[in-house]
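**Student:** sequence first, then the predicted structure:
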Amino acid sequence: MDLDEPSGGPPVRRPAPQQPEGCLVVAIRLPVRIVALVLVLPVRMAWDALVVAGRFLNGILLRPLGRALLWLGRVLVVLPLTGLWRYAVVPVGKALAWLAQVLVVAPLVWCHRHLLTPVGHALAWLYAHVLTPAVVGLGAILARLARCLVAVPARWLYGRVLTPAGRAIAWCALGVWRLLALLVTGIGRVLYWVVRALVVLVALPASALWRWVLAPVGRGLAVVGREVWDALRHAWRIAGHLSLAVGRILGTLLRWIFVEPVRRLYRSVLTPVGHLVRDIVLRPAAEAARAVGRTGRQALAAARASVRQARADVRRLLFGEPRRPGPVARREPSGRGARTLDSSTTALTKD
């Protein structure tokens, strides 16, 4: 039973065993990390400042500007293009398609159906009943001529001329092949000894140089580069924490120096003063202004009524009382003398 792992729970992840490090690694690591921290800290603080400024500009300027540009693009480009496509291009396209159907497709279909198809059938009948027998006869004549004029002379030329010439050429090629084989063998042996001398004079010293000089130097440079990279990563991480701490300190100082005094001044001084000015000055002034306005409107209404009455009196003095319309005789019967279903008289014959 394994006592290290708890029963019934997730397995415990053990740290990977670290490889033993040499004295060169330990001697290089601390100075390199200190120098990297000193060099990376200003860069990280400048980077964090640029990130904060970029976020501020993005929230204040770039995002509203982008939304405004999107709205302008939609209003100035998308909507006109949509309207142009919907109300101009599509109807014109449909009209052109109808014109093409009427002026091109229909005539071509009629031409194919009533002209090309009968002509094609006529040509097919002509080819089947006239040209095919003529071509068959001409082919037989040409085949006989080709046999007499080409095949028989070619067979005689192959048997009497080309076969002896080919044998002679093959014998010459065999001799040339043997000569080339001897030359290649000699050149191969020379190259073998040259390569062997080069291996002895160049490859062995180069191998020794690589094994005893370049490989150890490369390993040392790899160790130094790895430590420098690790130091830069640790320095970047530590500089980030330091930059965050400095930012928080500056934010706290800014809040204590500017924000808190301004907030307390606004809450303790400006707000009571504003309430006092509102209660003592602004509200009475507003009430007085409303009263003055109300009085002015009443006076103006009374003046209008007086002018209207004076104008009516002058018109009455100059032209007299206006005539009142008399009663108009109604041709229709009144309600009591109207025609009913029981009476035998109508409104026109009634006395």
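**Tutor:** Here it is on my side, so go on. Numbers count the residues shown, from 1 in each chain.
**Student:** nearest residue to the middle of the chain?
**Tutor:** Computing the C-alpha centroid of the chain and ranking residues by CA atoms, centre = their mean puts Leu70 first, at 13.3 Å.
**Student:** which of the three states applies to that residue?
**Tutor:** The three-state label given to Leu70 by DSSP: H, G, I helix; E, B strand; the rest coil is helix.
**Student:** from the contact counts, what lies against the longest helix along the chain?
**Tutor:** Ranked by residue count under DSSP state H, the longest helix found in the chain is helix 215-254. Judged by 3 or more CB pairs under 8 Å, 6 or more residues apart in numbering; DSSP states H and E, helix 215-254 is in contact with helix 23-57. From N, CA and C alone the C-beta is placed, and that goes for glycine too.
**Student:** rewinding a little: quick one: mean pLDDT over the longest helix of the chain.
**Tutor:** On average, the pLDDT along helix 215-254 is 85.
**Student:** what of stretch 122-129?
**Tutor:** Rounded mean pLDDT across stretch 122-129 is 83.
**Student:** one more: stretch 147-160?
**Tutor:** 81.
**Student:** low pLDDT regions in the stretch 201-350 of the chain?
**Tutor:** Judged by pLDDT under 70, the stretch 201-350 of the chain has its weakly predicted residues at 320-350.
**Student:** now do the helices in it.
**Tutor:** 204-209, 215-254, 260-265, 271-277, 283-319 (DSSP state H, counting those that start in this stretch).
**Student:** and of the ones you listed, who's closest to Ile60?
**Tutor:** helix 215-254 (17.9 Å; CB to CB).
**Student:** list the buried residues of the closest one.
**Tutor:** For helix 215-254, the buried set under the neighbour-count rule, 16 or more other CB atoms under 10 Å, comprises 223, 227-228, 231-232, 234-236, 238-240, 243.
**Student:** next: stretch 292-300.
**Tutor:** Buried-residue list, stretch 292-300, by 16+ other CB under 10 Å: empty.
**Student:** so which of the helices of the stretch 201-350 of the chain is nearest Thr132?
**Tutor:** helix 204-209 (81.1 Å).
**Student:** ok, back up a step: ok, so of the buried residues of helix 215-254, who is nearest Val195?
**Tutor:** Nearest to Val195 out of those is Val223 (CB to CB; 37.2 Å).
**Student:** for Val269, grab the count of nearby residues.
**Tutor:** 10 (other CB atoms under 10 Å).
**Student:** report the contact partners of it.
**Tutor:** Applying CB atoms under 8 Å, 6 or more residues apart in numbering to Val269 gives no contacts.
**Student:** Met32: how many residues sit nearby?
**Tutor:** Careful, residue 32 is Val and not Met. By other CB under 10 Å, 19 other residues sit near Val32.
**Student:** skipping its backbone neighbours, what lies nearest it in space?
**Tutor:** Distances taken as CB to CB, 6 or more residues apart in numbering place Ala231 nearest to Val32, at 4.4 Å, with adjacent residues excluded.
**Student:** about what we covered before: and the residue nearest to the centre of the chain, how far from Leu253?
**Tutor:** 40 Å (CB to CB, to the nearest Å).
**Student:** what strand or helix carries Thr82?
**Tutor:** Here Thr82, judged by DSSP states H and E, is contained in helix 79-84.
**Student:** now the element after that helix, going C-ward?
**Tutor:** Going down the chain from helix 79-84, the next helix or strand is helix 90-100, by DSSP H and E.
**Student:** what's the distance between the longest helix of the chain and the middle of its chain?
**Tutor:** 37 Å (CA atoms, centre = their mean, to the nearest Å).
**Student:** low-scoring stretches of the stretch 1-150 of the chain, by residue?
**Tutor:** 1-28.
**Student:** quick one on the thing from earlier: now the helices of the stretch 201-350 of the chain in a markdown table, with distance to Val109?
**Tutor:** Shown next, in a markdown table, are the helices of the stretch 201-350 of the chain (distance: least, CB to CB, whole Å):
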| stretch | distance to Val109 |
| --- | --- |
| helix 204-209 | 83 |
| helix 215-254 | 77 |
| helix 260-265 | 86 |
| helix 271-277 | 88 |
| helix 283-319 | 85 |
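**Student:** which of those helices sits closest to Val38?
**Tutor:** Across the helices of the stretch 201-350 of the chain, closest to Val38 is helix 215-254 (CB to CB), at 8.2 Å.
**Student:** now do that closest one against helix 23-57, angle only.
**Tutor:** Here helix 215-254 runs at an angle of 40 degrees relative to helix 23-57 (axes from the mean of the first three to the mean of the last three CA atoms, to 10 degrees).
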